[in-house]
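> mind looking at a prediction? Sequence and model below.
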Amino acid sequence: QVLLLQSGAEVKKPGASVKVSCKATGYPFTSYYLHWVRQAPGQGLEWMGIINPSSGITTYAQEFQDRVTMTRDTSTSTVYMELRSLRSEDTAVYSCVREAADYSASSGYYYRRAFDIWGQGTLVTVSS
Amino acid sequence: QSALTQPASVSGSPGQSITISCAGTSSDVGSYDLVSWYQQHPGKAPKFLIYEVTKRPSGVSNRFSGSKSGNTASLTISGLQAEDEADYYCCSYAGSTTWVFGGGTKLTVL
């Protein structure tokens, strides 16, 4: 079964950092891009960035460029998202999300630029 | 990158059809046939409904359909059912390995 299993809820003070983990199971970890998406309470979805688990190459949304780092550990099929200089507005559920792809033996993976598997989400609360 | 524009809410009666719009720009929706849609029930993770504007993943009801004209994409739900009551989000690839979501639409089934 394809699953993305995230770490538990965190409470942080303003100015601190948080690191959320996401362990992938049930599929070849290095073959699918992983994204991070957040949702503040009562608000919409916000795309934060993408990591290629094979190469480690990342792209971040402009809003988070200077505060976020996404990494991966291929030995444990886990990706991490670290957000620094936390402020109250960063209180949200953070989710790792797999990018949909189709595979054929002749062509390899074709990435669909959409999100098919979502982690259960990790609530990060920033409060003094 | 600004969020795509969706109506805050739509409503319909069981059996009816509704359409949710998703307005973007020539840099995202208008440039790529890479719009996707997600359904989110309260307290749950989003569910993958539509990709590449019109395609449905395996297992998604054919009551859900997508379309696009210019810089605006749309999701149509036909034969409304009570369980369709949820929040719906559009998302578009925006180039340079970036994505942008819409603000979300709350669907009420009357």
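Sure, I can see it. Numbering: from 1, shown residues only, chains lettered A, B, ... in the order given.

> tell me, which strand in chain B spans the most residues?
The strand of greatest length in chain B, counted in residues with DSSP state E as the criterion, is given as strand B:86-93.

> chain B contacts on chain A?
Contact residues (Cβ under 8 Å from any Cβ of the partner chain) of chain A with chain B: A:35, A:37, A:44-47, A:50, A:59, A:61-62, A:95, A:100, A:112-116, A:118-121. Backbone N, C-alpha and C define where each C-beta goes, glycine included.

> run through the neighbouring helices and strands of whichever helix or strand comes after the longest strand of chain B.
On the C-terminal side of strand B:86-93, the closest following helix or strand by DSSP states H and E is strand B:99-101. Contact partners of strand B:99-101 among helices and strands, from 3 or more Cβ pairs under 8 Å, 6 or more residues apart in numbering or on different chains; DSSP states H and E: strand A:45-51, strand B:86-93.

> all helices for chain B, in order.
Taking DSSP state H, chain B contains no helices at all.

> picking up where we left off before, make TSV out of the helices and strands packed on strand B:99-101 and add mean neighbour count, distance to residue B:99 and mean pLDDT.
Compiled in TSV, the helices and strands packed on strand B:99-101 are given as follows (neighbours: other Cβ atoms under 10 Å in any protein chain shown; distance: least, Cβ to Cβ, whole Å; pLDDT from 0 to 100):
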stretch	mean neighbour count	distance to residue B:99	mean pLDDT
strand A:45-51	23	4	98
strand B:86-93	25	6	98
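
> would you list these in CSV and tack on distance to residue B:63?
Converted to CSV, the helices and strands packed on strand B:99-101 look like this (distance: least, Cβ to Cβ, whole Å):
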stretch, distance to residue B:63
strand A:45-51, 23
strand B:86-93, 13
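
> thinking again about what came up before, do the longest strand of chain B and chain A meet at all?
Yes: Strand B:86-93 comes into contact with chain A when judged by Cβ under 8 Å from any Cβ, the residues involved being B:89, B:91, B:93.

> so what's residue A:4 up against?
With contact taken as Cβ atoms under 8 Å, 6 or more residues apart in numbering or on different chains, residue A:4 is in contact with A:22-25, A:34, A:96-98, A:117-120.

> okay, and it sits in which element?
Under the criterion of DSSP H and E, residue A:4 resides in strand A:3-6.

> chain center to that strand: distance?
Taking Cα atoms, centre = their mean, to the nearest Å, the mean C-alpha location of strand A:3-6 is offset from the chain mean by 10 Å.

> for the helices and strands packed on strand B:99-101, which one sits closest to residue A:83?
Put simply, out of those the one that sits nearest residue A:83 is strand A:45-51, at 8.3 Å, with distance taken as Cβ to Cβ.

> alright, calling it a day.
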